[in-house]
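Colleague: here is a sequence together with a model predicted from it:
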Amino acid sequence: MILLLGATGHIGQAFGRELRRHGRCFVPLSRRTLDYTNFENLFDYVRGMKPELVINAAGYSGRPNIDDCEFNRIETFQANAVLPEVIGRVCQMTRTPWGHVSSGSIYSGARVFENGELSIVRDLNRPGVRQLHSEHPELFVGFSELDEANASFRCPPCSFYVGTKALAEERIGTGGQNYIWRVRMPFNERDEPWNLLTKLQCYPRIRDDLNSISQVDDFALACLQLWDRQAPFGIYNVINPGAVTTREIVEMIQRTLCPERAFDYWLDDEEFYRRAVQAPRTSCILDASKLLRAGVKMRTVREALADSLRNWQPAEELRISRKKSSFGDGRARDR
Ligand SMILES: NC(=O)c1ccc[n+]([C@@H]2O[C@H](COP(=O)([O-])OP(=O)(O)OC[C@H]3O[C@@H](n4cnc5c(N)ncnc54)[C@H](OP(=O)(O)O)[C@@H]3O)[C@@H](O)[C@H]2O)c1
């Protein structure tokens, strides 16, 4: 049995869908049923249930966005830094393997070959960098799992949210029976508020940036495949290979979904930070080759985006299908 924590969240639901799709035995535990953030509660539960794997998809990323974490620091710290440590201790004491959902946003920029040398470019919106990327994407090498976070409390600036995610990775470490799975700007075909593709269609203005991103169902499947293949424990960047600009994504949205609205962009980051957001945002490219070396192949980011847009399920359709399925199956309830 697999124990899934944070099952009611977006990433938790993606794990739930994958586990159900493959008929896997799992328990989607919610704080409503058991306050798993309490050490004794979780310890007793794990000792009694003896799961083969614990997945930690719980966390606090703010509503409607990470700016909220700047104001809810205790909640953010508890969920993103304290809870993973509690889970880690429980799993160590019960000798239970576990996986923690982290974030690629602990990096800013990319490693780039410039003048024959590999150096870190922290700001991908720096003049000339985007031009270089569009002409020579092969010069851009993403951050690997060996690179230290360069957006963290140790390496500011960073948002409070990102700081807690980097701190959790540091505290969990890589010496135990645990995975750290990094997801980045999740998306899929479901028109829901957390989805990058929904967000881009709702923002009054868009920041044109460059990122590695994760199709969330591919992400959940890849994490489970690492476990099934008994890939070595440790950190994995779980993103769809490649990097993509928000402008390219918007163009794909326009071509496929033909929305009636026009899309505007912030002039530059100066205007974006002055008028749109409070906390620093990261934009980064990650290297997914470790995942591939472990035998887990994710489709490219452009394939995943095209597929999500082709199969786009507008919010209204989702609402109706949810209503139908709740009438149809009274048994399907999270614990
Ligand atoms: N969404 C993203 O864009 C994104 C990107 C990168 C990384 N991540 C990471 O992925 C993990 C899950 O994120 P998500 O987007 O799925 O978040 P979410 O939709 O807000 O769900 C998180 C779940 O965590 C549980 N939880 C435990 N302690 C909590 C607390 N103190 N406050 C709020 N929720 C708490 C809740 O489940 P129960 O109440 O049912 O237990 C909640 O449903 C987080 O670690 C996040 O940092 C997310």
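Modeller: Nice, I can see it.
Colleague: C-alpha from now on. contacts and neighbour counts both.
Modeller: Fine.
Colleague: got the contact list for the helix or strand harbouring I320?
Modeller: Per DSSP states H and E, I320 falls inside helix 315-328. The contact list for helix 315-328 (CA atoms under 8 Å, 6 or more residues apart in numbering) reads R190, D191, E192.
Colleague: go again with 6 Å.
Modeller: D191 (CA atoms under 6 Å, 6 or more residues apart in numbering).
Colleague: would you mind writing the CA trace of it as CSV?
Modeller: Extracted in CSV, the C-alpha atoms of helix 315-328 (Å, rounded to 0.1, in the frame of the first residue of the first chain):
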residue,chain,number,x,y,z
ALA,A,315,-14.0,24.5,-16.4
GLU,A,316,-17.7,24.2,-17.2
GLU,A,317,-17.3,20.7,-18.7
LEU,A,318,-15.2,19.6,-15.7
ARG,A,319,-17.8,20.8,-13.3
ILE,A,320,-20.5,18.8,-15.1
SER,A,321,-18.4,15.6,-15.3
ARG,A,322,-17.6,16.0,-11.6
LYS,A,323,-21.3,16.3,-10.8
LYS,A,324,-22.1,13.2,-12.8
SER,A,325,-19.3,11.1,-11.2
SER,A,326,-20.4,12.2,-7.7
PHE,A,327,-23.9,10.9,-8.5
GLY,A,328,-22.6,7.8,-10.1
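Colleague: what's the burial count for A315?
Modeller: For A315, the count of nearby residues is 14 (other CA atoms under 10 Å).
Colleague: likewise Y203?
Modeller: Neighbours around Y203, by other CA under 10 Å: 12.
Colleague: chain neighbours aside, what residue packs nearest to the residue in the stretch 51-200 of the chain that the ligand sits nearest to?
Modeller: At 3.2 Å from the ligand, A58 is the closest residue in the stretch 51-200 of the chain, using CA to the nearest ligand atom. Once flanking residues are discounted, A58 sits nearest to G6: 3.9 Å by CA to CA, 6 or more residues apart in numbering.
Colleague: which ones are touching that neighbour?
Modeller: Going by CA under 6 Å, 6+ apart, G6 touches G12, A57, A58.
Colleague: how about the strands of this structure, start to end?
Modeller: Using DSSP state E, the strands found in the chain span residues 2-5, 26-29, 53-56, 98-103, 110-114, 117-121, 140-141, 178-183, 210-211, 234-237, 244-245.
Colleague: okay, now the residue of the stretch 51-200 of the chain closest to the ligand: neighbour count?
Modeller: The local packing of A58 (other CA under 10 Å) involves 25 other residues.
Colleague: out of the contacts of G6, which sit inside helices?
Modeller: In this view, these that belong to helices under DSSP state H are G12.
Colleague: now for F153, how many residues are close by?
Modeller: For F153, the neighbour count with other CA under 10 Å is 18.
Colleague: could you count how many residues lie near P156?
Modeller: Quick note: P156 (other CA under 10 Å) scores 11 neighbours.
Colleague: ok now do it, which residues does it touch?
Modeller: Counting by CA under 6 Å, 6+ apart, P156 has no contacts.
Colleague: can you do 8 Å?
Modeller: The neighbours of P156, taking CA under 8 Å, 6+ apart as the test, are N150.
Colleague: would you mind measuring from the residue nearest to A58 to Y60?
Modeller: To Y60, G6 is 10 Å away according to CA to CA, to the nearest Å.
Colleague: got it, and E85?
Modeller: From E85 to Y60 the distance is 15 Å (CA to CA).
Colleague: thought C69 was touching F160?
Modeller: Yes - applying CA atoms under 8 Å, one finds C69 in contact with F160, separated by 6.3 Å.
Colleague: what parts of the stretch 201-335 of the chain come near the ligand?
Modeller: Residues of the stretch 201-335 of the chain lying close to the ligand (CA under 6 Å from any ligand atom): none.
Colleague: where in the stretch 201-335 of the chain is pLDDT low?
Modeller: 325-335 (pLDDT under 70).
Colleague: ok, now how distant is the most centrally placed residue in the chain from E260?
Modeller: Nearest to the geometric centre of the chain sits V183, at 2.8 Å (CA atoms, centre = their mean). To E260, V183 is 31 Å away according to CA to CA.
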